[in-house]
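Q: with the input below, show me the fold.
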Amino acid sequence: MKKVIIILLIIIALGFTGWQVYRRINTVKNTNPGLKSGLSSPPVVVEVASIEKKTIEEAGNFSGTLQPGAKVLIASKTGGRLEKLFVDVGDRVTSGQLIALLDEEELLQQVEQARAELQVAEAGVEDAKFALITAQKEYERVRSLREKKIASEAELDDAEARFRAAEMKYRVSEAQVKQKEAALKAAEIRLSYTRIKAYWEDSRTTRVVGERFVEAGEMLRANDPIVSLLDIDSLIAEVQVIERDYSRVRIGQKALITTEAFPGREFEGTVIRIAPVLKETSRQAQVNIEVPNPEHLLKPGMFINARIVLDRHENATVVPIHSLVKRDSMYGIFTVDRETMKVHFVPVTPGIRHEGYVEIVDPPLSGLVVTLGQHLLEEGSTVLLSGNESGLTSTGADRVSSDRKALATAGSEGTVRGQTRKEKTLPGAGK
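A: Next up is the predicted model:
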């Protein structure tokens, strides 16, 4: 019985002692609110940045192929043997330059024949003209004699008929001259077809021979292609735009063109044409971008990527994209209260994302935002900044150059161990 009583007394003593400890802990917590969270978990070391106001853009990236600004197939208008070809692939060509020459011997003969026939017709005109003058004088003489009652009426009618016939013959001979002139002109035009030249409206520009389809000595038919001429001073980038972005692409928008042939280099272009329909199979529409090519570095057929600015917001509220977190299907950020060194989770509506920043559409924000270590935070968590408070600027905050994973681990322990801190300015700081 004594043992039972002793055990009960020991239990009562231990319970009383535990209750006294509990009262003291609660008293400390109530008199020092700042220690409540500190007793449960140490402060978290975080990196912060300033919430900024800047211009942010939304861009779409599309792939496509470069096409020449213009492509012309030079062909023969008449058939014949290709006697000479004066250009080859890669040659620069000006408007009016002789490209090729066909065998012209037969057509030269046709021209000479047409010229001879014209001369015969012109001689016939002279003969008809002389006959007309003679008939006219005879008619006038007989008419004068008739007025004097010397010539008969029949003689006058006969003279007039000869005069009218001579007049018609003269007109016919003149028409024959015009006919022969036209035949000569046609023969000369056919002869000119043997001299194949390049032609386009702007004679100040040059074009390059893209392909060669024939060799000297081949027999050509009318409209057989000989070479292709390309305008590469300005190229056309043909890209396919999906249905989601189609309504946001507009004529006149700027685009940046990149290609694997010139890594790290960008070429500027402008949207000049938008297809009015989308293809049913792919739900995509073709968009043409004009790309000036004064150095002739870009070539038709190259695969390219085009970046088109679809939207642009001036004076937008932006934060580093790493600061955006998702909690319970809700996007938000952790802001820092500099007086209490506690964080607050603020639900936000994100907008455009570009170059490491995200636009905050709602609500209006200012101050500091946590950019590293937020995965360890909850509403009201106490934090320690990884750099000195004086290291913050109006547009950004200093970051620790140590490894991010090591820093996050150190934050969970409330200290940074074995890390050498080196200050550097956030992207966008000081701008």
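
Q: which one's the longest helix in this protein?
A: helix 105-147 (DSSP state H).

Q: packing partners of it?
A: helix 153-192 (3 or more C-beta pairs under 8 Å, 6 or more residues apart in numbering; DSSP states H and E). Where you see a C-beta, it was placed from the backbone N, CA and C, and this is true even at glycine.

Q: tell me what angle the helix it packs on forms with helix 105-147.
A: 160 degrees (axes from the mean of the first three to the mean of the last three C-alpha atoms, to 10 degrees).

Q: buried stuff in helix 153-192?
A: 156, 159, 162-163, 166, 169-170, 173-174, 176-177, 180-181, 183-184, 187, 190-191 (16 or more other C-beta atoms under 10 Å).

Q: chain center to it: distance?
A: 64 Å (C-alpha atoms, centre = their mean, to the nearest Å).

Q: again with stretch 241-261
A: 6 Å.

Q: in stretch 336-344, what counts as buried?
A: For stretch 336-344, by 16+ other C-beta under 10 Å, it's 336, 342-344.

Q: let me see the domain layout of this structure.
A: Split into domains by automatic domain parsing, the chain comes to 36-51+324-425, 62-69+233-313, 104-193.

Q: so which of those domains is nearest Asp224?
A: domain 104-193 (12.4 Å; C-beta to C-beta).

Q: ends of that closest one, how far apart?
A: 9 Å (C-alpha to C-alpha, to the nearest Å).

Q: now that domain: average pLDDT?
A: For domain 104-193, mean pLDDT rounds to 91.

Q: low-scoring stretches of this structure, by residue?
A: 1-2, 4, 16-41, 387-431 (pLDDT under 70).

Q: what residue is smack in the middle of it?
A: Ile289 (3.0 Å; C-alpha atoms, centre = their mean).

Q: which elements pack onto the host helix or strand of that one?
A: Ile289 belongs to strand 284-292 when assigned by DSSP states H and E. With contacts taken as 3+ C-beta pairs under 8 Å, 6+ apart, strand 284-292 sits against strand 52-75, strand 225-242, helix 243-246, strand 254-258, strand 267-274, strand 303-320.

Q: tell me who's in contact with Ile257.
A: 237, 266-269, 289, 291, 298, 304-307 (C-beta atoms under 8 Å, 6 or more residues apart in numbering).

Q: neighbours of the closest residue to it other than its chain neighbours, how many?
A: In space, and not counting its chain neighbours, Ile257 is closest to Phe267: 4.3 Å by C-beta to C-beta, 6 or more residues apart in numbering. Phe267 has 22 neighbours, counted by other C-beta atoms under 10 Å.

Q: gap between Phe267 and His296?
A: 12 Å (C-beta to C-beta, to the nearest Å).

Q: next one: Arg81
A: Taking C-beta to C-beta, one finds Arg81 at 35 Å from His296.

Q: got it, and Glu238?
A: Taking C-beta to C-beta, one finds Glu238 at 19 Å from His296.

Q: the two: which is more packed in?
A: Per other C-beta under 10 Å, whichever of Glu238 and His296 has more neighbours is Glu238, with 18 against 11.

Q: for the more buried one, which residues make a bridge with it?
A: Glu238 has these beta-bridge partners by DSSP bridges: Thr65, Asn288.
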